[in-house]
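1. sequence isn't available, so here's the structure alone:
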């Protein structure tokens, strides 16, 4: 299968770039957080409040490990914690890590809880960044450095990376 899965910190632009990339490639677009909300019939924030950190991770892993699509750009949430889901997503396409500095992310992000970002008790954005970065690097097939780039520049660079890696639309 030739899907493209976008991973990276909250606010890095997975959904924004994903929608435009899907249009350019003639692919479908799937936001895994929206898929979780649809299957659970609850908003992410409600799932986190009701199920807790561990319960949410289990739901996220189950939903992401069951994604069965083709020619789709998939934007994920915190799925890098879910080894089963990440192995599945790697097996059905290319995983792209959208990389941005902590400083740039903190300028982009507002209230993390309102965004449905899963934080452990007392965890900060810096803690989350330091915890997730090694996981993004572990699972990424390719890395897109976004520092100092706007949407057009990031999209152009991503298309070049995909072309170099022979990942193109039909």
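-> On my side now, so go ahead. Predicted, not measured: the structure shown is a model, and the values here were computed from it.
2. for the host helix or strand of residue 131, which outside residues touch it?
-> Using DSSP states H and E, residue 131 maps to helix 125-139. Here helix 125-139 makes contact (Cβ atoms under 8 Å, 6 or more residues apart in numbering) with 7-9, 78, 80-81, 86, 89-90, 95, 97, 99, 102, 105-106, 109, 112, 117, 119, 143. All C-beta spots, glycine's among them, are computed from the backbone N, C-alpha and C.
3. now stretch 51-61
-> Residues outside stretch 51-61 that contact it (Cβ under 8 Å, 6+ apart): 32, 36, 40, 44, 47-48, 77-79, 81-82, 84-85, 118, 120.
4. in this structure, which spans are helices?
-> Applying DSSP state H to the chain gives helices spanning 14-25, 32-40, 44-65, 83-91, 102-108, 125-139, 151-164.
5. in TSV: these, plus mean pLDDT.
-> Converted to TSV, those look like this (pLDDT from 0 to 100):
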stretch	mean pLDDT
helix 14-25	95
helix 32-40	95
helix 44-65	90
helix 83-91	93
helix 102-108	86
helix 125-139	91
helix 151-164	92
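6. redo these as a markdown table? Include distance to residue 3 and mean neighbour count.
-> Shown next, in a markdown table, are these (distance: least, Cβ to Cβ, whole Å; neighbours: other Cβ atoms under 10 Å):
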| stretch | distance to residue 3 | mean neighbour count |
| --- | --- | --- |
| helix 14-25 | 10 | 18 |
| helix 32-40 | 12 | 17 |
| helix 44-65 | 12 | 16 |
| helix 83-91 | 8 | 17 |
| helix 102-108 | 25 | 13 |
| helix 125-139 | 14 | 15 |
| helix 151-164 | 12 | 14 |
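7. residue 71 is nearest to which of those?
-> Nearest of the helices of the chain to residue 71, taken as Cβ to Cβ: helix 14-25 at 7.7 Å.
8. sorry, back to before: filter the contacts of helix 125-139 to the buried ones?
-> The neighbour-count test (16 or more other Cβ atoms under 10 Å) marks 7-9, 78, 80-81, 86, 89, 95, 97, 99, 105, 109, 112, 117 as buried among the contacts of helix 125-139.
9. from those, which shows the smallest pLDDT?
-> Least confident by pLDDT among the buried ones among the contacts of helix 125-139: that is residue 112, with 63.
10. remind me, longest strand of the protein?
-> strand 93-99 (DSSP state E).
11. who's in contact with it?
-> If you take Cβ under 8 Å, 6+ apart as the criterion, strand 93-99 is touched by 1-8, 12-14, 17, 72, 74, 86, 89, 136-137, 139-147, 154, 158, 161-162, 165, 167.
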